[in-house]
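Peer 1: Okay, sequence plus prediction incoming.
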Amino acid sequence: MNNITEESTFQCIHCNKLVTDTAYAGTAHRNHCPFCLWSKHVDDHVPGDRASLCHSSMEPIGLTFKHEGVDKYGNIKQGELMIVHICTACRKININRIAGDDNEKIILLLVNQQSLTTEIKKELQKLNINILNENQKNEVKKQLFGVTKI
């Protein structure tokens, strides 16, 4: 049974490849390309709302972990791995779930992103988004591959 609709198929705004959602992607509101990880600014307030009028390209600038709160013992829960995007036009920052078919080599390159401007770093801090660095690379690998040594 094929559930692919026109809405779930799009051409990447950055690399121009055709993106077709598949059942194993693991996300219901895909707006980023699995090949280059660039996105299109379509969501405004919440994932999937498709309320943005901007529609510009969004550059992947790093990775973060989703905030999951604390467990019953007061320990911070480790959330899922997320891609951080910034709009190339309006500079809005969004986080997006990683999909099952995303290019893991490009995901790992995002761990080493060190070229963020002071302005972007301040905005990330305001939004309580912590960009992952080289020290968290093993945790990223663990979430991507289920192992820590690759």
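Peer 2: Looks like it came in fine.
Peer 1: what's the lengthiest strand in the chain packed up against?
Peer 2: Criterion DSSP state E: the longest strand present in the chain is strand 57-70. Strand 57-70 sits against strand 39-40, strand 76-87, strand 93-97, helix 104-110, with contacts defined as 3 or more C-beta pairs under 8 Å, 6 or more residues apart in numbering; DSSP states H and E. Backbone N, C-alpha and C define where each C-beta goes, glycine included.
Peer 1: What is the first one packed up against?
Peer 2: Taking 3+ C-beta pairs under 8 Å, 6+ apart as the contact definition, the neighbouring helices and strands of strand 39-40 are strand 57-70.
Peer 1: Can you give the strand pairings for the strand it packs on, parallel or anti for each?
Peer 2: Partner strands and pairing direction for strand 57-70 (DSSP bridges) are strand 39-40 (antiparallel), strand 76-87 (antiparallel).
Peer 1: could I get the last one in CSV with only the CA atoms?
Peer 2: This file holds the C-alpha atoms of strand 76-87, laid out as CSV (Å, rounded to 0.1, in the frame of the first residue of the first chain):
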residue,chain,number,x,y,z
ILE,A,76,17.4,15.2,33.4
LYS,A,77,16.0,12.8,30.8
GLN,A,78,18.0,12.5,27.6
GLY,A,79,15.8,13.6,24.7
GLU,A,80,16.0,12.6,21.1
LEU,A,81,18.5,14.1,18.7
MET,A,82,17.3,17.2,16.8
ILE,A,83,18.6,19.3,13.9
VAL,A,84,18.8,23.0,14.6
HIS,A,85,18.0,25.1,11.5
ILE,A,86,18.1,28.9,11.0
CYS,A,87,16.2,30.7,8.2
